[in-house]
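Peer 1: Here is my input, please return the structure:
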Amino acid sequence: MDYIEIDDAIGRDGLRLVLTAGVPGPWSESAKGILKVKKIPYLPVRQNAGQHDETLLAWTRQTSAPAAMYREERPRSGWAEILFLAERLEPQPALLPADPRERALALGLAHEICGEHGFGWTRRLALMKDAPIDSNTMPWKFGCEDRASVAAAEARATEILDLLAAQLRRQREAGRRFFVGESLSAVDIYWACFSNLVVPLPHEQSPMPDMIRAAYGSWKDAPVDASLIEHRDEVFEEYLGLPQDF
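Peer 2: Numbers count the residues shown, from 1 in each chain. Predicted coordinates:
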């Protein structure tokens, strides 16, 4: 990916998206996927993994990725903030259902994938369970000092995998392809990108560093229903494109 640096990005107009260079971070890949599906142009801004960048902190009020900066508006670094911004900038194709109940279901499922103590969060807890918990490090940001949550991380991730498999099964029994409604939603994009945390895409499709691949694939007996991986592959093939570029 052809990044610009933070100092350069600050003076630019339009949408700028801070991304961690060199790794397929699931929150970052999801944000990129949403913008791709909606055909929203943006400038990718380099953030280096594990570095505390004071310039990034002053600009986005935090030091992680992704962070979306649109014109002179406030920073948006949460998954829902970025999704809502994209829905506003380009309403079609809508990635949240118009029906209020289905919209609530989509946002609930999205939280179970992306949100605090969701699938991505609990996988990070499991992977960082033995890491030092120093201020401003990733283990600290994800709350690894909460040892009860760390101990329960695998069970919690299993619950979410079961939930997603059951929802997809219900949809397919109703003759529908996607997690919610009749068309692609943000939930499908989130699952496709976050699935790397448990069943990484092959190297030729996602050329992530070997250390990251080993960590993501370390849950050897993960209870991932085959339908979830089949759906992941379909979403990448039809909507997000491969290989991943990070």
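
Peer 1: distance between stretch 178-185 and the chain's centre?
Peer 2: 18 Å (CA atoms, centre = their mean, to the nearest Å).

Peer 1: quick check: mean pLDDT across it?
Peer 2: For stretch 178-185, the mean pLDDT works out to 98.

Peer 1: And for stretch 106-113?
Peer 2: According to the model, stretch 106-113 has a mean pLDDT of 99.

Peer 1: Now stretch 133-140: buried residues?
Peer 2: Neighbour-count burial for stretch 133-140, with 16 or more other CB atoms under 10 Å as criterion, is recorded at 138, 139. The way it works is simple: take the backbone N, C-alpha and C, and place the C-beta from them, glycine included.

Peer 1: what's the answer for stretch 148-165, then?
Peer 2: Residues of stretch 148-165 classed as buried by neighbour count (16+ other CB under 10 Å): 149, 150, 152, 153, 154, 156, 157, 158, 160, 161, 164, 165.

Peer 1: just the CA coordinates of the helix or strand of the chain at the bottom of the mean pLDDT ranking, formatted as CSV?
Peer 2: Using mean pLDDT, DSSP states H and E, the weakest-scoring helix or strand in the chain turns out to be helix 138-141, at a mean of 78. The C-alpha trace of helix 138-141 is given here as CSV (Å, rounded to 0.1, in the frame of the first residue of the first chain):
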residue,chain,number,x,y,z
MET,A,138,-1.3,-3.0,23.4
PRO,A,139,-1.8,-5.3,26.4
TRP,A,140,-2.6,-2.3,28.6
LYS,A,141,-5.0,-0.9,26.0
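
Peer 1: Let's see stretch 187-201 as PDB, backbone CA atoms only.
Peer 2: This file holds the C-alpha atoms of stretch 187-201, laid out as PDB (Å, rounded to 0.1, in the frame of the first residue of the first chain):
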ATOM      1  CA  VAL A 187     -21.300  -7.700   9.500                       C
ATOM      2  CA  ASP A 188     -20.100  -9.700   6.500                       C
ATOM      3  CA  ILE A 189     -17.100  -7.400   6.000                       C
ATOM      4  CA  TYR A 190     -16.200  -7.500   9.700                       C
ATOM      5  CA  TRP A 191     -16.300 -11.300   9.900                       C
ATOM      6  CA  ALA A 192     -14.300 -11.700   6.700                       C
ATOM      7  CA  CYS A 193     -11.500  -9.400   8.100                       C
ATOM      8  CA  PHE A 194     -11.600 -10.700  11.700                       C
ATOM      9  CA  SER A 195     -11.600 -14.400  10.600                       C
ATOM     10  CA  ASN A 196      -7.800 -14.000  10.000                       C
ATOM     11  CA  LEU A 197      -7.400 -14.000  13.800                       C
ATOM     12  CA  VAL A 198      -8.300 -17.700  13.900                       C
ATOM     13  CA  VAL A 199      -8.100 -19.100  10.300                       C
ATOM     14  CA  PRO A 200      -5.600 -16.900   8.500                       C
ATOM     15  CA  LEU A 201      -5.900 -16.600   4.700                       C
END
